[in-house]
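Engineer: Let me see the structure of the following:
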Amino acid sequence: MDHALQPTAYDTVKYPSTIHKVTHPERLAVAARLAGLDPAPLARARVLEIGGGDCLGLIAFAAAWPESRCCGFDLAASTIERGRVIAGQAVPNVTLEVGDILTAHEIYAAGTFDYVIAHGVYAWVPAPVRAALMGLIAHVLAPDGVALVSYNAMPGGHIRLLLRGMVLHAVDGITDPDQRIAVARAFLTDYAQPREDDSPLDAGLRQQAGSMAERPASVLLHDEMGDTFAPQSLSQVVDAAGQVGLRFLTDAGPNHVLDGFLHADAPVSDDPDRQVLRQAQAGDYENLAFFRTTLLVHAHAPLDRRIDADRLRGLWVSARFTALGDGEFSVGENRFGIADPGFAERLGRLAHAAPGRMPVADVVTDADQALALIQLYREWFADLHLGPPPYAIAPGPKPTASALVRQTIARGEDVVATLAHKLLRLDQPSLHSLLLAADGTRTVGELVAMDHGIAAGEVAPLLAKAAQMGLLEA
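Structural biologist: Here you go, the predicted model:
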C-alpha cells in the first residue's frame with residue numbers, strides 16, 4: 001500500500017508507543033461468545049488495525065500467536081517505519097503499510113479479517129474520514145467478525161471541547177509544536193488551580209484541566225490541539241454503523257462489557273437492539289461518559305441480548321484480585337466479599353494462581369456463580385479468555401524467551417512488549433543476559449552455568465519470574 005503521502009503531524013511529533021489491553025482481539029472474541037456468537041479462534045485469527053501508529057499492540061498479539069495473520073496501516077510513514085523496526089525479523093506474521101483510510105478499501109479484500117481494530121481514530125478525523133472508516137470496517141470484516149471502534153464520547157466530550165477551546169485560544173498564533181505544548185501546559189496548570197468563588201462546574205473543569213496538563217507532550221499536542229476533535233455519542237456511532245450494515249454488539253471497556261445485554265429483570269421488547277442502546281446511552285448521560293470502545297458486528301449476526309451462564313462453558317478465567325481470607329477479596333482499594341464458602345475457596349485458588357488461568361469449569365459450579373463471575377469480569381476484577389495463555393507460566397526444560405523480547409533487548413532497549421500483551425521495563429542487565437541466552441537451545445542447568453552477572457542460585461528464580469511476566473514462549 002505504501003505510496004507517496006504528505007507528512008503528517010504525527011511524523012513531526014511522535015505519538016507514544018504503547019499497548020492497550022482493551023483492544024486485544026480476545027476481548028472482542030469473549031464479548032461475541034457471551035452474545036451467543038462463534039468468533040474466530042485466536043491461533044489463526046486474521047486481524048487488521050486501522051490508523052494504529054506503530055501498531056505495537058498488534059505486533060505484540062502477532063508475537064504471541066505466530067500462526068495469526070496481522071495487518072496494520074497508518075497515514076504517518078515514520079510511525080509505520082518504527083513499527084517495522086519493532087517487529088523486525090522476530091514477528092514475520094505482521095505486515096505494516098503506509099495507507100489512507102479513504103482508499104484502503106481498494107487494497108484489502110472484502111470479508112478477510114476476523115477482528116478489526118480502530119483505536120483512537122474516529123473522533124480525531126473529519127466527517128468524511130469517519131464515514132470511510134465505518135465503510136472500510138463493513139467491507140473487510142468477515143461474516144462472523146468483530147470490530148472495535150474507540151472514541152471520545154458524549155456527554156463528557158462537552159467538557160473536553162470546552163477546555164480545547166480555552167487551550168486553542170491560549171496558543172493562538174503559535175506554530176512551533178514545542179512552544180504550543182509549553183504554552184498549553186502552562187495555561188492548563190494555572191487554570192487547574194482552585195479559586196475561592198468556584199462553582200461546581202468550575203471545579204469540575206479545573207480538575208479535568210489538571211489531568212490534561214499531566215499528559216505526555218505529544219498526547220497534549222495531538223489529542224487536545226489537533227485539527228479535528230469530534231466526540232461522539234454512542235447513539236451517533238451506532239447509527240453510523242447501521243448505515244453500512246453493522247450492528248452494536250457491546251463495549252470492550254471496564255464496567256461496560258455488558259452494555260449490549262439486557263438487564264436481568266428487563267422484559268424483552270420487540271426491538272432488543274434499540275432497548276440495549278437506549279439503556280447504554282442513558283448510562284452514559286448519568287455517568288458523564290468520556291470514552292467508549294464500541295464493538296460492532298455485521299447486521300445479520302444472531303445476537304442474544306440475554307446473559308446465559310452456559311456460555312461460560314469452555315472459557316478460562318484469570319484473576320486481577322487478591323484473596324484476603326474469609327471470603328474477602330481486593331482489587332486495589334476496591335473490596336468485595338463472597339458468601340458461598342466453596343466459591344470463595346475456588347476464587348482464592350484462582351487469585352493465588354495469577355497471572356495464570358484456570359478453566360471456568362474449575363471455578364464455578366452453578367449458574368449463580370457463573371453470573372457472579374461475569375460481574376467480576378464486568379468490573380475488570382477478572383479476565384475471561386478463550387483458552388490457556390499462549391505463553392509459558394513456568395520455565396520448561398529448555399526455556400525460550402520471546403523472540404520479540406530478545407530482539408528488543410539486542411537493540412539495547414529496556415522496554416519490551418510481553419507475550420501477556422503488556423509493556424514492561426527490564427532494567428536488570430543480568431535479566432537481559434539471561435533472556436538473550438534463553439533461546440530454546442539450552443537447558444536450565446546450562447543457563448545456570450553461564451555467567452549472567454548473578455549468583456547461580458538466582459537463575460532459576462529469575463526464569464520463574466520471567467515466565468510470570470509473560471516473557472517465555474510456551
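Engineer: CA only for contacts and neighbour counts going forward, please
Structural biologist: Fine.
Engineer: how many neighbours does the nearest residue to residue 426 once chain neighbours are set aside have?
Structural biologist: Setting aside the residues directly before and after it, residue 426 is nearest to residue 414 in space (C-alpha to C-alpha, 6 or more residues apart in numbering), at 5.1 Å. Residue 414 sits with 16 neighbouring residues when counted by other C-alpha atoms under 10 Å.
Engineer: my guess is residue 414 contacts residue 431, does it?
Structural biologist: No. If you go by C-alpha atoms under 8 Å, residue 414 and residue 431 don't touch, sitting 10.6 Å apart.
Engineer: For residue 206, list the residues it contacts.
Structural biologist: By C-alpha atoms under 8 Å, 6 or more residues apart in numbering, the contact set of residue 206 is 191, 192, 193, 194.
Engineer: In ChimeraX, select just the buried ones from those.
Structural biologist: Of the contacts of residue 206, the buried ones go into a single ChimeraX selection, burial set by 16 or more other C-alpha atoms under 10 Å:
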select :191,192
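Engineer: Show me the contacts of residue 206 that map onto helices.
Structural biologist: Judged by DSSP state H, the contacts of residue 206 include residue 191 as members of helices.
Engineer: Return the member of the contacts of residue 206 nearest to residue 463.
Structural biologist: residue 192 (46.1 Å; C-alpha to C-alpha).
Engineer: which strand in the protein runs the most residues?
Structural biologist: Secondary structure of the chain per DSSP state E: the longest strand is strand 141-152.
Engineer: average pLDDT across that one?
Structural biologist: The pLDDT scores in strand 141-152 average 98.
Engineer: what do you get for stretch 161-169?
Structural biologist: So the average pLDDT for stretch 161-169 ends up being 96.
Engineer: ditto for stretch 453-463
Structural biologist: In the prediction, stretch 453-463 has an average pLDDT of 92.
Engineer: before we move on, what about stretch 79-95?
Structural biologist: 97.
Engineer: Show me which residues of it are buried.
Structural biologist: In stretch 79-95, counting by 16+ other C-alpha under 10 Å, buried: 79-84, 86-87, 90-91, 93-95.
Engineer: Check those against residue 63 and report the nearest one.
Structural biologist: residue 91 (5.6 Å).
Engineer: thinking that closest one is in contact with residue 405, fair?
Structural biologist: No. Judged on C-alpha under 8 Å, residue 91 makes no contact with residue 405 at a distance of 10.6 Å.
Engineer: What ranges does the stretch 351-474 of the chain have for its helices?
Structural biologist: 367-378, 403-410, 429-437, 444-449, 459-468 (DSSP state H, counting those that start in this stretch).
Engineer: Packing partners of the third one?
Structural biologist: Translated: helix 429-437. helix 403-410 (3 or more C-alpha pairs under 8 Å, 6 or more residues apart in numbering; DSSP states H and E).
Engineer: Can I get the helix it packs on as PDB, trimmed to CA atoms?
Structural biologist: Coordinates of each C-alpha in helix 403-410 appear next as PDB, following Å, rounded to 0.1, in the frame of the first residue of the first chain:
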ATOM      1  CA  ALA A 403      11.800 -13.700  20.000                       C
ATOM      2  CA  LEU A 404      10.300 -10.200  20.100                       C
ATOM      3  CA  VAL A 405      11.700  -9.600  23.600                       C
ATOM      4  CA  ARG A 406      15.200 -10.900  22.700                       C
ATOM      5  CA  GLN A 407      15.200  -8.800  19.600                       C
ATOM      6  CA  THR A 408      14.200  -5.700  21.500                       C
ATOM      7  CA  ILE A 409      16.900  -6.300  24.200                       C
ATOM      8  CA  ALA A 410      19.500  -7.000  21.500                       C
END
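Engineer: between it and helix 429-437, how many degrees?
Structural biologist: Helix 403-410 and helix 429-437 meet at an angle of 130 degrees, taking axes from the mean of the first three to the mean of the last three C-alpha atoms, to 10 degrees as the criterion.
Engineer: Check the average confidence over helix 403-410, would you?
Structural biologist: 98.
Engineer: Okay, buried residues for it please.
Structural biologist: Those would be 403, 404, 405, 406, 407, 408, 409, for helix 403-410 by 16+ other C-alpha under 10 Å.
Engineer: Point out the other helices and strands that it packs with.
Structural biologist: Going by 3+ C-alpha pairs under 8 Å, 6+ apart, helix 403-410 lies up against helix 77-87, strand 415-417, helix 429-437.
Engineer: residues making contact with that helix?
Structural biologist: 63, 86-88, 90-91, 414-418, 432, 435-436, 439, 471.
Engineer: out of those residues, who's nearest residue 145?
Structural biologist: Checking the contacts of helix 403-410 one by one against residue 145 (C-alpha to C-alpha), the nearest turns out to be residue 63, at 21.1 Å.
Engineer: Run the chain-centre distance for stretch 38-46.
Structural biologist: Put simply, stretch 38-46 sits 17 Å off its chain's centre (C-alpha atoms, centre = their mean, to the nearest Å).
Engineer: One more: stretch 193-203?
Structural biologist: 35 Å.
Engineer: Same question for stretch 101-112.
Structural biologist: For stretch 101-112 - counting by C-alpha atoms, centre = their mean - the centre lies 23 Å from the chain centre.
Engineer: List every C-alpha atom in that stretch, with coordinates, as CSV.
Structural biologist: Extracted in CSV, the C-alpha atoms of stretch 101-112 (Å, rounded to 0.1, in the frame of the first residue of the first chain):
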residue,chain,number,x,y,z
ILE,A,101,-8.5,5.3,5.3
LEU,A,102,-10.1,6.9,2.3
THR,A,103,-8.5,4.5,-0.2
ALA,A,104,-7.8,1.4,1.9
HIS,A,105,-10.9,-0.5,0.7
GLU,A,106,-9.1,-0.7,-2.7
ILE,A,107,-6.3,-2.7,-1.0
TYR,A,108,-7.9,-5.1,1.4
ALA,A,109,-10.3,-7.7,0.0
ALA,A,110,-13.9,-8.0,1.3
GLY,A,111,-14.6,-10.1,4.3
THR,A,112,-10.9,-11.1,5.0
